[in-house]
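Engineer: output the structure for:
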Amino acid sequence: MQTTGNITDINIDFNTHKPKITLLLNMQQPEVIEQLKNEDKLDIDIKKYRKKRSLDANAYCWVLCDKIAKELSKDGAITTKEEIYRDAIKNIGTFESMIVEEKAFENFKRIWEKQGLGFLIQEVTRQNKCVKVHCYYGSSTYDSKEMSLLIELLVEEAKQLNIEVKTEQEIESLLSTWH
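Structural biologist: A predicted model of the protein is given here:
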């Protein structure tokens, strides 16, 4: 079972001296609640709620990448929507800096980039048999704020190329329908 909710109370149990948390869950399924009552032990994962990106916003991201690629390819130099997407990922800046030993670098890069199209490795420096890299995350891991930045960047690039884009209201609507 996975749901959202709020912490309504936190205190310390007098007997065990462990935290005791009261949750208000956003669900109304009596059968699930009864089932939970009978469980001795549960695996519990509590984390800050973050809206996820919507599939509509993701689809629009790819529409923009495709339109930009087609416009840039008009002069004969072929540009793909995948290249536009990767450039946008690098420009958004969602990455981790890491240092990898030179001998492990190629294997690390292969494994990282195998996760998806937007998972990129950018070499920054080489020093003392180590490689400093920026490891970019693909948009499949983005929350609503990061996805908004990605789409805003692509919209601006499209506008500069005189490509028709959705209105601000339509874009806001796409970005507000996170699921």
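
Engineer: quick check: closest non-adjacent residue to residue 6.
Structural biologist: Nearest non-adjacent residue to residue 6, counting by CB to CB, 6 or more residues apart in numbering: residue 24, 5.0 Å away. Bear in mind the C-beta positions are built from the backbone N, C-alpha and C, glycine included.

Engineer: can you tell me how far the residue nearest to the spatial centre of the chain sits from residue 175?
Structural biologist: Closest to where the C-alpha atoms of the chain average out (CA atoms, centre = their mean) is residue 142, at 1.3 Å. Residue 142 is 11 Å from residue 175, where distance means CB to CB, to the nearest Å.

Engineer: how about residue 161: what's its closest non-neighbour residue?
Structural biologist: The spatial neighbour of residue 161 that comes closest, neighbours along the chain excluded (CB to CB, 6+ apart), is residue 71 at 4.7 Å.

Engineer: report the separation between the one you found and residue 62.
Structural biologist: Using CB to CB, we find residue 71 at a distance of 15 Å from residue 62.

Engineer: how far off centre is the lowest-mean-pLDDT helix or strand in the chain?
Structural biologist: Least confident element among the helices and strands of the chain, by mean pLDDT, DSSP states H and E: helix 30-37 (a mean of 76). Centroid separation for helix 30-37 versus its chain: 33 Å, with CA atoms, centre = their mean, to the nearest Å.
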